[in-house]
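Asks: Sharing a model prediction with you, sequence too.
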Amino acid sequence: MDTYNFLNIPETCFIGSTIYKKLFYENADLSTSDKSLFTDTISKVTWLYCLKPEAINITTYKDEMRDYPEIEVIEVLIHKDYKLKRIAEIIMRTIPYPMLLIFKLEDKRQLYVAHQRTNQNDSSKNTIEDFIATDWVDLDSALFAKLDIKQMRFTNFYALYSDIVDAISIYKLSAIMTTNDNITGAEARELSTKIEDIEQEITSLRSKLKKESQFNRKMELNIKIKRLEDNKNKLLGGDRI
């Protein structure tokens, strides 16, 4: 697909098949609300590419924690921006392979990735680690220049997928602050998590502030919010507290 030429994936990996919603309805043990979410939000799910040893010169990877026999690239065409993280979770649990999941809404894209571990109690299931997602981006975004897989490691599928996850992690952080060229994916994820945790705490305190009637308690909450905002600004300024 010309739209995804930036990935530089060989044509031998192209699939281009529709994944019908029935697959998720029958295999994902969805609640009524989850089924409604799929019905009301998703127009079409397309299996774009399958990177596997027969199609690309990359070996599988398996250890006690992970089994990465291939990597999938899947596009989800949606009607609206609604509960995408929940949709991503359902799709990644139902199709238990490392995945670049691309939500498409009109001319914009939002990308989701997440490393996976083998469930120690049931090897047929996977445990999804932290989701990493971009905001909505246009196809001329600087992100896509970073996702050329031929600039990544072909050692094995775990190494390649780790490079994809790192590229998206660094881009996500660079969207909110200036980053240097030496920052690693792990450092970007750690810093993003600190900033997100602070933002969530500020949101919670502001909600309490709106409901608070006592002057002294309002002052205490305002002081806490100010301290958190100062900490966030230090992080955004490059101070890794």
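Replies: Arrived safely.
Asks: helices and strands of the chain: which one bottoms out on pLDDT?
Replies: Sorting the helices and strands of the chain by mean pLDDT, DSSP states H and E puts strand 126-128 at the bottom, at a mean of 87.
Asks: what sits up against the very next helix or strand once past that strand?
Replies: Tracing the chain past strand 126-128, the next element assigned as helix or strand by DSSP states H and E is strand 132-133. With contact meaning C-beta atoms under 8 Å, 6 or more residues apart in numbering, strand 132-133 is reached by 84-85, 88, 110-114, 165, 168-169, 172, 189. Placement of C-beta: from N, CA and C, glycine included.
Asks: swap in stretch 204-224?
Replies: 225, 228.
Asks: give me that answer again for 7 Å
Replies: The contact list for stretch 204-224 (C-beta atoms under 7 Å, 6 or more residues apart in numbering) reads I225.
Asks: check contacts around Y61.
Replies: When contacts are counted by C-beta under 7 Å, 6+ apart, Y61 touches 68, 156-158.
Asks: what about this protein, any weak spots by pLDDT?
Replies: Within the chain, the ranges that satisfy pLDDT under 70 run 1-2, 122-124, 238-241.
Asks: Can you show me the helices along it?
Replies: 21-27, 32-41, 84-94, 157-174, 185-211, 215-236 (DSSP state H).
Asks: which of these sits most buried?
Replies: For those, the largest average neighbour count (mean count of other C-beta atoms under 10 Å) is found in helix 157-174, namely a mean of 21.
Asks: how about the CA coordinates for that one, as CSV?
Replies: What follows is helix 157-174, C-alpha atoms only, in CSV (Å, rounded to 0.1, in the frame of the first residue of the first chain):
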residue,chain,number,x,y,z
PHE,A,157,11.8,-9.9,15.5
TYR,A,158,12.3,-8.9,19.1
ALA,A,159,15.1,-6.5,18.2
LEU,A,160,13.2,-5.1,15.3
TYR,A,161,10.0,-4.6,17.3
SER,A,162,12.0,-3.0,20.1
ASP,A,163,13.4,-0.5,17.6
ILE,A,164,9.8,0.3,16.4
VAL,A,165,8.7,0.8,20.0
ASP,A,166,11.7,3.0,20.8
ALA,A,167,11.1,5.2,17.7
ILE,A,168,7.5,5.8,18.7
SER,A,169,8.5,6.3,22.4
ILE,A,170,11.0,9.0,21.5
TYR,A,171,8.7,10.7,19.0
LYS,A,172,5.9,10.8,21.7
LEU,A,173,8.2,12.6,24.1
SER,A,174,9.6,14.9,21.4
